[in-house]
Every structure is written in C-alpha cells, then in structure tokens.
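Chemist: fold the following.
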Amino acid sequence: MKADIHPEYREVLFHDSGADKYFLIPSTLETSETKEYEGKTYPYYPLDISSASHPFYTGTQRIVDTGGRVQRFEKRFGKK
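Modeler: Numbering: from 1, shown residues only. Predicted coordinates for the structure are as follows:
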C-alpha cells in the first residue's frame, strides 16, 4: 500500500441515543470527540438511530393501509 494516502482504520465507539446502546466497530470515520468505554478511550460518534432502535429491525414496524388503497387497487385492476 502507498504511504499517507489511506485513512486511519481504528475502533470507533458509536452510541445509539434512542436505545442507549454502544457499538465498538472498526471504522475510518473522522471524529474529534472521545469517550471512555470499558476502561479504554475511543473516538466517539453519537447516532440518532441504528439497528437497535429502528422499527424494521426491532419488529415494531407497522404497515398502515390508509383509505383502503390495496382494496381500491384490486377493484380497479382485478386481483389475480
């Protein structure tokens, strides 16, 4: 590999504030914040949403059929 052209690859602490979960993941993300986690200091990056709090991954997602759109479509184009 060429010297001085690749970003620094290190462990970064991501914090999902919605679920209050921490993830320690190798990344090239640049951040100026640091935080101590399990006795070590890591670069820190807060998140609004992650797989720990996203409705699709937590199983709380709901599909809402507003105004019977599916039924209107089936009536208009026929159910096959």
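Chemist: shouldn't Arg72 be within a helix?
Modeler: Yes. Arg72 sits within a helix when classified using DSSP: H, G, I helix; E, B strand; the rest coil.
Chemist: helix, strand or coil: sort out the residue nearest the centre of the chain for me.
Modeler: Nearest residue to the geometric centre of the chain (C-alpha atoms, centre = their mean): Ser50, 2.8 Å. The three-state label given to Ser50 by three-state DSSP is coil.
Chemist: give me every residue that touches it.
Modeler: Counting by C-beta atoms under 8 Å, 6 or more residues apart in numbering, Ser50 touches 14, 16, 18-19, 21, 23. C-betas here are computed from N, CA, C, even on glycine.
Chemist: can you select the buried ones among these for me in ChimeraX?
Modeler: Restricted to buried positions by 16 or more other C-beta atoms under 10 Å, the ChimeraX selection for the contacts of Ser50 reads:
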select :14,16
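Chemist: of the contacts of Ser50, which is the nearest to Glu38?
Modeler: Of all those, Glu38 sits closest to Phe23, with 12.5 Å by C-beta to C-beta.
Chemist: so where do the strands sit in the protein?
Modeler: Taking DSSP state E as the criterion, the chain carries its strands at 10-16, 21-27, 34-37, 40-47.
Chemist: check the residue nearest to the centre of the chain and give its pLDDT.
Modeler: Ser50 is assigned a predicted lDDT (pLDDT) of 82.
Chemist: that one and Lys35, how far apart?
Modeler: Going from Ser50 to Lys35 by C-beta to C-beta, to the nearest Å gives 16 Å.
Chemist: low-confidence stretches in the chain?
Modeler: Counting by pLDDT under 70, the chain has low-confidence residues at 1, 55, 57, 61-66, 80.
Chemist: go again with 80.
Modeler: 1, 51-70, 79-80 (pLDDT under 80).
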